[in-house]
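Novice: Sequence first, then the predicted structure:
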Amino acid sequence: MVARRPFGSRAVALDAADEIWASLDGADWREAFAQHPRIGEQTTNSTAAKEQSGVSDAADHVRQELAKANRDYEQRFGHIYIVCATGKSAEEMLAIAKSRLENDPDTELRVAAEEQRKITRLRLQKLLED
């Protein structure tokens, strides 16, 4: 991104981010995933905490199920469960995790990468607004 500056517009910057993300490989994607807290876990990252705020009011049994889904997901795919959590309830994120556990590893890597792209895009949009 730095090498492509200056950007003529916000849209050009967002498109560049998408293009760069798409050019990366699975190892790069997994490296990015590893920088995220698990869905539903306490974090000192204020941005992630805001994005995952849908978990804060969840019932204890939903939080426990989400923790189990996180463990099952990591065991199956070898990386944390990534979902663009903004605007989603804990119940929605749990349902998504359960459905994605049915994916084969290659498909799930691409799905997780798309979720990471959405997260990055939202964060970049916020930065560009300031």
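Specialist: Noted; the coordinates are in hand.

Novice: lowest-confidence helix or strand of the chain?
Specialist: helix 46-51 (a mean of 66; mean pLDDT, DSSP states H and E).

Novice: Flag the shaky bits of the protein, pLDDT-wise.
Specialist: Judged against pLDDT under 70, the low-scoring parts of the chain cover residues 43-46, 48-49, 51, 53-54, 130.

Novice: just the helices in it please.
Specialist: Along the chain, the stretches classed as helices by DSSP state H are 10-23, 26-33, 46-51, 60-77, 90-100, 105-129.

Novice: and among the ones you listed, the most buried is which?
Specialist: For those, average neighbour numbers computed from mean count of other CB atoms under 10 Å are highest in helix 90-100, which has a mean of 18. (C-beta placed from N, C-alpha, C; glycine too.)

Novice: contacting residues around it?
Specialist: With contact meaning CB atoms under 8 Å, 6 or more residues apart in numbering, helix 90-100 is reached by 39-40, 54-55, 57-58, 62-63, 65-66, 69-70, 73, 81, 83, 85, 88, 108, 111.

Novice: ok, now with 10 Å
Specialist: Outside helix 90-100, the residues that touch it by CB atoms under 10 Å, 6 or more residues apart in numbering are 39-40, 52-59, 62-63, 65-70, 72-73, 76-77, 81-85, 88-89, 107-108, 111-112, 115.

Novice: Likewise for stretch 105-123?
Specialist: With contact meaning CB under 10 Å, 6+ apart, stretch 105-123 is reached by 14, 17-18, 20-22, 24-26, 28-30, 32-33, 35-36, 47-48, 51, 73, 76-87, 96, 100-103.
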